[in-house]
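Have a look; sequence and predicted model below, questions after that.
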Amino acid sequence: MDDCLFCKIIAKEIPSDIVYEGSQAVGFKDINPKAKHHILIVPRRHIESILTMVEDDQQLMGHLIWDAKKIAEELGLEGYQLKFHVGRRGGQEIDHVHLHLLSA
Ligand code: AMP
Ligand code: ZN
């Protein structure tokens, strides 16, 4: 997607603090962290939102959780929160699906 901030971050057209680069997703630090550790796990393929997710996206979405687990293990986190914001009324501001990993 030409006009998508997260696609540009993944393509490294816009700088970010990338902590993880997997085959299907990238993890980078949230620019405005809401916790000591706040990482966004973002699929390389542009999916807008869980609102528009289709059945074929299931495997990729599951992969995001797996990648979050790997990042948490690398950071030595013993407990954390994983969150999706879904749609404007669910707090979603950026229309490229992303999983928030948050931990103290
Ligand atoms: P959401 O409300 O789920 O759409 O979350 C979007 C998140 O992206 C927010 O927590 C923002 O702080 C974060 N964010 C916005 N711009 C950037 C950026 N350039 N680099 C890293 N994180 C960003
Ligand atoms: Zn995108």
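In hand now; what should we look at? Ligands and ions are numbered 1, 2, ... in the order given.

From now on I want contacts and neighbour counts done on CA atoms only, so please keep to that.
Noted.

For the residue nearest the centre of the chain, give the beta-bridge partners.
The chain has residue 41 as the residue nearest its centroid, 2.3 Å off, counting by Cα atoms, centre = their mean. Beta-bridge partners recorded for residue 41 (DSSP bridges): residue 27, residue 99.

got a list of what it touches?
By Cα atoms under 8 Å, 6 or more residues apart in numbering, the residues touching residue 41 are 25, 26, 27, 28, 64, 67, 68, 98, 99, 100, 101.

try 7 Å
25, 26, 27, 28, 64, 68, 98, 99, 100 (Cα atoms under 7 Å, 6 or more residues apart in numbering).

Kindly report the same for residue 55.
Contacts of residue 55 (Cα under 7 Å, 6+ apart): none.

which residues are in contact with stretch 83-95?
By Cα under 7 Å, 6+ apart, stretch 83-95 touches 48, 49, 50, 51, 98, 99, 100, 101.

of those residues, buried ones?
Burial by neighbour count, judged by 16 or more other Cα atoms under 10 Å, picks out 48, 49, 50, 98, 99, 100, 101 from the contacts of stretch 83-95.

What separation is there between the nearest residue to the third one once chain neighbours are set aside and residue 25?
Setting aside the residues directly before and after it, residue 50 is nearest to residue 86 in space (Cα to Cα, 6 or more residues apart in numbering), at 6.0 Å. Residue 86 sits 19 Å away from residue 25 when distances are taken as Cα to Cα, to the nearest Å.
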